[in-house]
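Asks: need a structure here:
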Amino acid sequence: MPMNLPPALSPETWPFDLELLTPPVYLVGGAVRDALLGRRSHYFDLDFVMLARAVKTARKIADRTKGGFVLLDAERQIARVVFAGGTADFAQAFGGSLEGDLHRRDFRINAIACNPFTGEIIDPLDGQTDLRLGLLRMISRSNLEDDPLRLLRAYRQAAQLGFAIEPETQSAIRELAPLLSRVAVERVRAELGYLLSHNHGVPWICRGCEDGLFSIWFASAIDRFDILTKIDFCAADLAAIYPELGTEFGRSIRDTIKTSLLAIGKLAVLANSDPTIAETELLRLKYSNAEIKSAIELLKYLPKLQAQPIAEMSLREQYFLFRDVGIVFPILAVLAVAAGVAVEEIALLINRYLDAGDIVAHPTQLVSGNELMESLNLPRSPRIGQLLMEIQLARVEGRIATREDALKLASDLVNVE
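Replies: This is a model prediction of the structure:
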C-alpha cells in the first residue's frame with residue numbers, strides 16, 4: 001500500500017489492478033472525502049481524474065475485468081465502468097490540470113484528491129479543515145450557478161454526513177434557489193429521493209422549503225411541517241409496538257420502484273393537501289403512476305381518519321379504506337398518528353391489517369365473475385362487477401358467509417331488477 005494512503009482508498013480494495021492506470025491519475029470526490037472521514041460502504045463509487053486517455057483507460061479496464069462500459073459524455077471525455085459491487089468513473093481533468101478540476105467542484109470537502117501511486121493527499125482548498133469542522137462550504141458562488149442542482153446536493157450531503165452548511169454558503173443557496181427551475185426534474189427528484197429516504201433527511205427538507213428550494217414544486221409544504229417532522233418518530237413508535245408493521249415501512253411499492261412506503265408518506269405530506277393539486281405537483285416531477293396513486297390515496301384518507309373517530313367507522317367504510325390504500329396502509333397509520341390520531345384509536349385498523357385472515361382488510365372472493373355468469377345465465381357486462389361488489393360488502397358486514405349465500409344474494413338482486 002502506498003505510504004499514507006487511507007485503507008479505504010487502497011488499490012487492494014479495487015476490482016482492478018493499479019497497473020491498469022497510467023500516471024498521472026488521481027482519485028477525487030466522495031470516495032476521498034468518505035475515506036478521510038472513516039466512512040465505509042459496501043458499494044464502492046470511485047471517481048478518477050486523468051490528464052489524458054480517460055475514456056480509453058475506462059474501456060481498457062472494462063475489457064480486462066469483464067465489467068460494463070458506459071460512455072457518459074464523449075465531449076468531456078467521461079466514462080464509467082460498472083462492476084458487481086460498484087462503479088468507477090474516469091474523467092478528463094477540466095482545463096488540463098488537477099487543480100483546475102478541483103476548483104470547479106461544488107464544496108471544499110469534495111475537492112480533495114489522492115494520488116493512488118504515492119498516497120499523497122492533494123488539498124488545495126483546505127477541504128480537510130472543513131471535514132474536521134463538519135462544514136459544507138462552497139468553493140465559489142459561480143460553481144453553484146453552473147449547476148444549480150448543487151444547491152439541493154448541499155442539503156442531501158449535510159443530511160448524509162451530519163454536517164452544517166457554512167453561513168455564506170447558506171446565504172448563496174437562498175439567493176440562487178430560483179435557478180433550480182432550470183434543472184431537469186429527474187435530477188431534482190433523485191436528490192429529493194435521497195432526502196426522503198434518509199433517517200436525517202426531514203430537517204433538511206424543511207430547511208430547504210424555508211430557503212425556497214422546493215417552492216417551485218411544493219408551494220404549500222411549509223403548512224404541514226407539523227406532520228412531516230413527526231413521521232420518522234411516529235414510525236419508530238409504531239414499529240416498537242407492532243414489529244410486523246414496522247418491517248413494511250422500508251418496502252417498495254413495486255419491485256421496479258425504489259421509493260419506500262415511508263418515503264411515499266413524506267412525499268404525500270410535502271404535496272398539497274388537495275389531491276387534485278398534489279397530483280399535478282407530482283406529475284410535474286415525473287413520479288411514476290404507482291407513486292402518485294399511493295400518495296393521492298394517503299391524502300384522500302388522512303383527513304377522514306382525522307375527522308371521524310375510527311371506532312365509529314362502519315365495516316363498509318373500513319373495507320373501502322383497505323381496498324383503496326392497499327399496501328400503503330402502514331404509512332397511512334404513521335401519518336394518522338403524526339397528525340394527532342391516538343395509537344390506541346388506529347389500533348383497530350392496524351390489527352385488522354396484520355391479520356391475514358381478516359375479511360375486511362384482506363377479502364377473498366366467495367364466487368368469481370365467471371361463476372356468476374354461468375350460474376345465473378348472465379352476459380358479460382359491468383353488472384357482474386357490481387354484483388361481485390355487493391357480495392363482498394355483504395360478506396364484510398356478516399350477512400353472508402358461503403358460496404351458496406353469495407349465489408343466492410346475486411340471484412335475489414338480479415330478480416329484483
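Asks: what mean pLDDT does the helix or strand where Thr129 lies have?
Replies: Counting by DSSP states H and E, the element that carries Thr129 is helix 127-133. For helix 127-133, mean pLDDT rounds to 98.
Asks: list the contacts of it.
Replies: With C-beta atoms under 8 Å, 6 or more residues apart in numbering as the test, helix 127-133 has contacts from 33, 36-37, 107-112, 121, 136-137, 166. Yep, even glycine has a C-beta here, placed from its N, CA and C like the rest.
Asks: which helix or strand lies directly C-terminal to that helix?
Replies: Remark: after helix 127-133, the chain's next helix or strand is strand 135-136, criterion DSSP H and E.
Asks: ok, Gly208 - contacts?
Replies: Leu152, Tyr155, Leu195, Phe214.
Asks: what helix or strand is the second one on?
Replies: Translated: Tyr155. Tyr155 is located in helix 149-161, with elements delineated by DSSP H and E.
Asks: what packs against that helix?
Replies: Packed against helix 149-161, as judged by 3 or more C-beta pairs under 8 Å, 6 or more residues apart in numbering; DSSP states H and E, are the following elements: strand 135-136, helix 141-146, strand 164-165, helix 167-176, helix 185-197, helix 201-210.
Asks: and for the residue nearest to Val325 when sequence neighbours are not counted, the neighbour number?
Replies: Leaving aside its sequence neighbours, Val325 sits nearest to Glu297 (C-beta to C-beta, 6 or more residues apart in numbering; 4.8 Å). Per other C-beta atoms under 10 Å, the neighbour tally for Glu297 reads 20.
Asks: may I have the phi/psi pair for Glu297?
Replies: With angles defined as degrees, to the nearest 10, Glu297 sits at phi -60, psi -40.
Asks: what's the distance between it and Gly212?
Replies: Distance, Glu297 to Gly212, by C-beta to C-beta, to the nearest Å: 30 Å.
Asks: closest to the centroid, which residue in this protein?
Replies: Nearest residue to the geometric centre of the chain (C-alpha atoms, centre = their mean): Gly193, 3.4 Å.
Asks: so what's that one up against?
Replies: Applying C-beta under 8 Å, 6+ apart, the residues near Gly193 are Lys258, Thr259, Ala263.
Asks: which stretch among the helices and strands packed on helix 149-161 comes nearest Glu75?
Replies: With respect to Glu75, and counting by C-beta to C-beta, the nearest of the helices and strands packed on helix 149-161 is helix 141-146 at 15.9 Å.
Asks: secondary structure element for Ala240?
Replies: Using DSSP H and E, the element containing Ala240 is helix 231-241.
Asks: check which helices and strands that helix sits against.
Replies: Using 3+ C-beta pairs under 8 Å, 6+ apart, the elements in contact with helix 231-241 are helix 243-246, helix 261-270, helix 329-338, helix 343-354.
Asks: TSV for these, including mean pLDDT?
Replies: Below are the helices and strands packed on helix 231-241 laid out as TSV (pLDDT from 0 to 100):
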stretch	mean pLDDT
helix 243-246	96
helix 261-270	97
helix 329-338	98
helix 343-354	98
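Asks: to Ala58, which of those helices lies closest?
Replies: helix 261-270 (33.0 Å).
Asks: adjacent strands (with direction) for the lowest-mean-pLDDT helix or strand in the chain?
Replies: Within the chain, no helix or strand scores below strand 252-254, which has a mean of 85 by mean pLDDT, DSSP states H and E. Applying DSSP bridges, strand 252-254 is found paired with strand 257-260 (antiparallel).
Asks: out of the contacts of helix 127-133, who's nearest Ser411?
Replies: Set against Ser411, the nearest of the contacts of helix 127-133 by C-beta to C-beta is Leu136 (70.4 Å).
Asks: thinking again about what came up before, so which of the contacts of Gly208 sits lowest on pLDDT?
Replies: Phe214 (93).
Asks: that one: neighbour count?
Replies: Look at Phe214: counted by other C-beta under 10 Å, it has 23 neighbours.
Asks: what sits against Ile359?
Replies: Counting by C-beta under 8 Å, 6+ apart, Ile359 touches Arg395, Val396.
Asks: in the stretch 301-417 of the chain, where is pLDDT below threshold?
Replies: Scanning the stretch 301-417 of the chain for pLDDT under 70 picks out 416-417.
Asks: rewinding a little: Serialize the contacts of helix 127-133 to a markdown table and add fields for secondary structure, pLDDT and neighbour count.
Replies: Formatted as a markdown table, those follow (DSSP: H, G, I helix; E, B strand; the rest coil; pLDDT from 0 to 100; neighbours: other C-beta atoms under 10 Å):
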| residue | secondary structure | pLDDT | neighbour count |
| --- | --- | --- | --- |
| Arg33 | helix | 96 | 22 |
| Leu36 | helix | 94 | 20 |
| Leu37 | helix | 94 | 17 |
| Phe107 | strand | 98 | 26 |
| Arg108 | helix | 98 | 25 |
| Ile109 | helix | 98 | 29 |
| Asn110 | helix | 97 | 22 |
| Ala111 | coil | 97 | 26 |
| Ile112 | coil | 97 | 28 |
| Ile121 | strand | 94 | 18 |
| Leu136 | strand | 98 | 24 |
| Arg137 | coil | 98 | 22 |
| Glu166 | coil | 98 | 18 |
